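Engineer: the sequence and its predicted three-dimensional model are supplied below.
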Amino acid sequence: MGQAEDLLAKGLADQRAALDGGDVSASALVDASLARIEATASLSAVVSTRPDAARAEAEAAAQRIAEGGARSVLDGVPILLKDNIVQAGEPATCASRILENFVSPYDATVTEKLQAAGAIIVGRANMDEFAMGSSTENTIYGAAHNPWDPTKACGGSSGGSAAAVAAGLVPVALGSDTGGSIRQPAGCCGVVGLKPTYGRVSRWGLVAFASSLDQIGPFGRSVADCAATLEVIAGYDERDSTSVPEDVPKWTAALDGEVAGLTIGLPEEYFVEEGVDPGVLARVREAIGELESAGAKTVPVSLPHTEHAIATYYVIATAEASSNLARFDGVRYGRRADRPEDLQDLYMRSRSEGFGPEVKRRILLGTYVLSAGYYDAYYGKAQRVRTLIRRDFDRAFASCDLIVTPTMPETAFGLGEKSDDPLSMYLSDVYTTSVNLAGLPGLSMPCGLSNGMPVGLQLIGKPLDEATILRVGDAFERLTDHHSLRPPEGA
Amino acid sequence: MSTIGPEDVAYVAQLARLALTEDEARAMARDLEQILGHVKSLDALDTEGVEPTAHGFELATPMRPDHPAEPIDPELAVSNAPAAQGTAFLVPKVLEEEG
C-alpha cells in the first residue's frame, strides 16, 4: 500500500514516471484504486466496480510496461467512467431504475480509445439520473457527498466523477456535460473539468440526454492531465455524424506557461454582485489579477443574452430529452412492468415505475414545449434565442482570445438544500449553459476557497480552440498552487 | 400561454406515456407553471427574422465510404430484452385473433 495510494493522488506525469521506472506496478496502482473506492464508499462516488477484469488488464499492462512498451500516458492508470458511458459486458444504469439490469452489448468510442491506450477502467461513477440535475442527488444509489464537506453536494450531474478525482480514488475520470455537468461539479469539488467543443469527442455510446448539447470530457487534478486525456479520447468518428472531422492537436505540447499577448474577455453580465457569493467573486478577480501580472491583457466584453440562457436551455434540453427518452419503453431493454394488460399499459407502467421524479418532470416539460399549439411559442422561440446567444459569443471573441468567468455563483450547496425547488436548482447552472448552447469549449479549474469550499474559475474558448484555454489554465497552475489543495483528511 | 392545470399535465403525460397519480399531476402542474413562468422571459426578446439554431457547431453532412460491416449479433441485440423469444422481442398482443 502506501506508495501506490500516495501516487493515486498525484498527476499522470508522476504515475507515468513511477510505472515506467518500475517503482510501482500497474497492478499495485489498480489495487490501491479499488481499495480507496471501497474505503470511501460513504461518499457514494462510485456505483460499480469491475475488480477481476481490471486486475487482469492491469497485469497485462504491467507486462507491457516492464518490456518498455507503454502504449500511452494512460497505460496502466486506473480511470472511472460516468455511468452513462457504455462498456461492453458492463452495466450502464444512468443511475436510473429503468436501466437497473442493463448490460451494454457494445463499447462507447471513448471506451475503445481508453482501452486501446491501456487505461484500466476500474468502475463507474455516480450521477444524476440520465444526467438531469446539478447535485448528484437524483440517483438510485443515494446522493454523492462532497469530499470537502460530506454535508455538501458534489454538484452534478457528473458529481461522482468529480468527487472520485478530488478524493484520490483515480487520477482521471470521464463525465458528460450538457449544461454544465462537468464544469459545475469540477468547481464544487476543486478539480479540473473540461467540456470540449461540441463534436470534438464522439458521443457514440454516451446515453443521449440532449443530443445537440451533450459532450464527453475529462476530469483531472491538473489542466495538463485533462489535456493528455482529451488527446486520447478526441477525434472524428464515423459512428457519430456530429463529430467534427478535424485532426486532434497535440494539446499537451502547447502548454508552455505563456499568457503574454493574450487578451481575456470579462463579460460584465457574469460579474454582477447580486446573488453571487462575495468570496467567489473575490477569488475569480484575484485569479484574473494573476494572469494580468503574467502579461495577459483584459478587456470588458458583453454577453447581453446571458440572463436568457437558463430559459433557453431548459426548453431545448427537455425537448430533446423527451424525444431521446422515448426509447425506454419496456420492450427492447430496461425495466418492464409486470403483467401488462396491453401494449399501452406496458409503456405507461414501465416508464412510470422506471423514471424518477426529475426525469418525469423534464420529459413532461419537453413534451409540453413540443406539443401542438406550443411548439413555436416555446421551442421555436428558444432555438432563435440560441442564435442570439451564439452571436453574443461571436461578437465578444472579435476582441478577445478567451473569456474568463466564475464557474458558478456560489460554492457547493448543502445536500437537500435545493431538491424541493427545481427552478432554483436549474439556476445554479447560470454561468455554464450558454457555453453548451453555443457549442464552445469550457474549462473549470480551482482558484482558491471561499468559506473552506473550492471556487471554480471558468475559461471559455473559441470553437475548436481548446488549446488556448488549456494553455492559460496550465499557466495559472504555474502561477499559483490552488490546484494542489486537497480536501481535509477524513472529511 | 395559459396557466397549467392538472388536466394539461394529464394530457401531456398521456403523450409521453407516463402515468401520474393525482398528487403527482398537481405537483407537476405547479412545477411546470413555475418553470414556464421563467421561460416566458424569452417573450421580451425580438426574434423576428432570426434563424433558429439546431446545433452548436455548424457542419456539412459528412460523407463516408459505403462499405459493408458486421451488424450486431441478433442474440446480443436481444440480450437485454425483458421478454424475448429467439431473436424477437415479445410484446403483449396488439391484434385480436380472427374467428
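Structural biologist: Received, thanks.
Engineer: residue ranges with poor pLDDT in chain A?
Structural biologist: Chain A contains residues with pLDDT under 70 at A:1, A:490-491.
Engineer: smallest gap between it and chain B, at which residue?
Structural biologist: Residue nearest to chain B within chain A: residue A:439 (2.2 Å; Cβ to the nearest Cβ). (Glycine included, C-beta is placed from N, CA and C.)
Engineer: doesn't that residue fall inside a helix?
Structural biologist: No. Counting by DSSP: H, G, I helix; E, B strand; the rest coil, residue A:439 is not found in a helix; it is coil.
Engineer: quick one: contacts for it?
Structural biologist: Residue A:439 is in contact with A:197-199, A:390, A:463, B:55-57, counting by Cβ atoms under 8 Å, 6 or more residues apart in numbering or on different chains.
Engineer: and for residue A:170?
Structural biologist: Neighbour list for residue A:170: A:8, A:33, A:78-80, A:122, A:164 [criterion: Cβ under 8 Å, 6+ apart].
Engineer: what strand or helix carries the residue nearest to the residue of chain A closest to chain B when sequence neighbours are not counted?
Structural biologist: Spatially, and ignoring its direct neighbours in sequence, residue A:439 is nearest to residue B:56 (2.2 Å; Cβ to Cβ, 6 or more residues apart in numbering or on different chains). Assigned by DSSP states H and E, residue B:56 falls within no helix or strand.
Engineer: quick one: residue B:56 from residue A:387, how far?
Structural biologist: Distance of residue B:56 to residue A:387, given as Cβ to Cβ, to the nearest Å: 11 Å.
Engineer: neighbour count: those two, which is higher?
Structural biologist: With neighbours defined as other Cβ atoms under 10 Å in any protein chain shown, residue B:56 and residue A:387 compare such that residue B:56 has more, 22 against 19.
Engineer: retrieve the pLDDT associated with the more buried one.
Structural biologist: For residue B:56, the pLDDT comes out at 79.
Engineer: in this structure it contacts residue A:436, no?
Structural biologist: Yes. The pair residue B:56 / residue A:436 is scored as a contact, 6.8 Å apart, by Cβ atoms under 8 Å.
Engineer: quick check: neighbours shared by those two?
Structural biologist: Joint contacts of residue B:56 and residue A:436 (Cβ under 8 Å, 6+ apart) are A:198, A:213.
Engineer: hmm, the helix or strand hosting residue B:37 touching chain A?
Structural biologist: Take DSSP H and E as the rule and residue B:37 turns out to sit in helix B:22-39. Yes. Helix B:22-39 is in contact with chain A by Cβ under 8 Å from any Cβ of the partner chain, via B:24, B:28, B:31-32, B:34-36, B:38-39.
Engineer: what about the closest residue to chain A within chain B, distance to residue A:460?
Structural biologist: Among all residues of chain B, residue B:56 sits closest to chain A, at 2.2 Å; criterion: Cβ to the nearest Cβ. Distance of residue B:56 to residue A:460, computed by Cβ to Cβ: 13 Å.
Engineer: find residues that contact each of the two.
Structural biologist: Joint contacts of residue B:56 and residue A:460 (Cβ under 8 Å, 6+ apart) are residue A:440.
Engineer: if you count neighbours, what's buried in the helix holding residue B:37?
Structural biologist: By 16 or more other Cβ atoms under 10 Å in any protein chain shown, the buried positions in helix B:22-39 come out as B:24-25, B:27-29, B:31-32, B:35-36, B:39.
Engineer: and that helix, what does it pack against?
Structural biologist: Counting contacts by 3 or more Cβ pairs under 8 Å, 6 or more residues apart in numbering or on different chains; DSSP states H and E, helix B:22-39 is packed against helix A:309-324, helix A:357-370, helix A:422-427, helix B:6-15.
Engineer: which residues of the stretch 351-491 of chain A lie near chain B?
Structural biologist: For the stretch 351-491 of chain A, the contact set with chain B under Cβ under 8 Å from any Cβ comprises A:351-352, A:355, A:357, A:360-361, A:363-365, A:367-369, A:371, A:374, A:377-378, A:380-388, A:390, A:422-423, A:426, A:436-440, A:463.
Engineer: residue contacts, the residue nearest to the spatial centre of chain B?
Structural biologist: What sits nearest the mean C-alpha location of chain B, by Cα atoms, centre = their mean, is residue B:16, with 6.6 Å. Neighbour list for residue B:16: A:322, A:326, A:351, A:363-364, A:367 [criterion: Cβ under 8 Å, 6+ apart].
Engineer: can you give me the helices in the stretch 351-491 of chain A?
Structural biologist: Using DSSP state H, counting those that start in this stretch, the helices found in the stretch 351-491 of chain A span residues A:357-370, A:375, A:381-397, A:422-427, A:433-437, A:466-479.
Engineer: before we move on, the earlier item: over to the residue of chain B closest to chain A: give its phi and psi.
Structural biologist: Backbone torsions of residue B:56, given as degrees, to the nearest 10, read phi -70, psi -20.
Engineer: how about the contacts made by it?
Structural biologist: A:198, A:212-213, A:390, A:436-440.
Engineer: now do 6 Å
Structural biologist: The neighbours of residue B:56, taking Cβ atoms under 6 Å, 6 or more residues apart in numbering or on different chains as the test, are A:198, A:438-439.
Engineer: could you measure from it over to residue A:160?
Structural biologist: From residue B:56 to residue A:160 the distance is 26 Å (Cβ to Cβ).
Engineer: write out the residues of chain B neighbouring chain A.
Structural biologist: Contact residues, chain B versus chain A (Cβ under 6 Å from any Cβ of the partner chain): B:12, B:15-19, B:28, B:31-32, B:34-35, B:38-39, B:41-42, B:45, B:47, B:50-53, B:55-57, B:62, B:64, B:76, B:80-82, B:89, B:91-92, B:94.
Engineer: helix or strand for residue A:175, which one?
Structural biologist: strand A:172-177.
Engineer: what about residue A:121, which helix or strand?
Structural biologist: With DSSP H and E as the criterion, the answer for residue A:121 is strand A:120-125.
Engineer: revised request: answer the last question for residue A:336.
Structural biologist: Judged by DSSP H and E, residue A:336 forms part of no helix or strand.
Engineer: checking residue A:64 next. Helix, strand or coil?
Structural biologist: Going by three-state DSSP: residue A:64 is helix.
Engineer: what's the neighbour count on it?
Structural biologist: Neighbours of residue A:64 (other Cβ under 10 Å): 16.
Engineer: in chain A, which spans are strands?
Structural biologist: Here chain A has its strands, by DSSP state E, at A:46-49, A:78-82, A:120-125, A:172-177, A:192-195, A:215-220, A:263-267, A:297-301, A:402-406, A:442-450, A:453-461.
Engineer: quick one, which of those strands is packed in tightest?
Structural biologist: Sort the strands of chain A by mean neighbour count, taking mean count of other Cβ atoms under 10 Å in any protein chain shown, and strand A:192-195 sits at the top with a mean of 33.
Engineer: pLDDT below threshold where in chain B?
Structural biologist: In chain B (pLDDT under 70), the answer is B:1-2, B:98-99.
Engineer: apply 50 and report the result again.
Structural biologist: Within chain B, the ranges that satisfy pLDDT under 50 run B:1.
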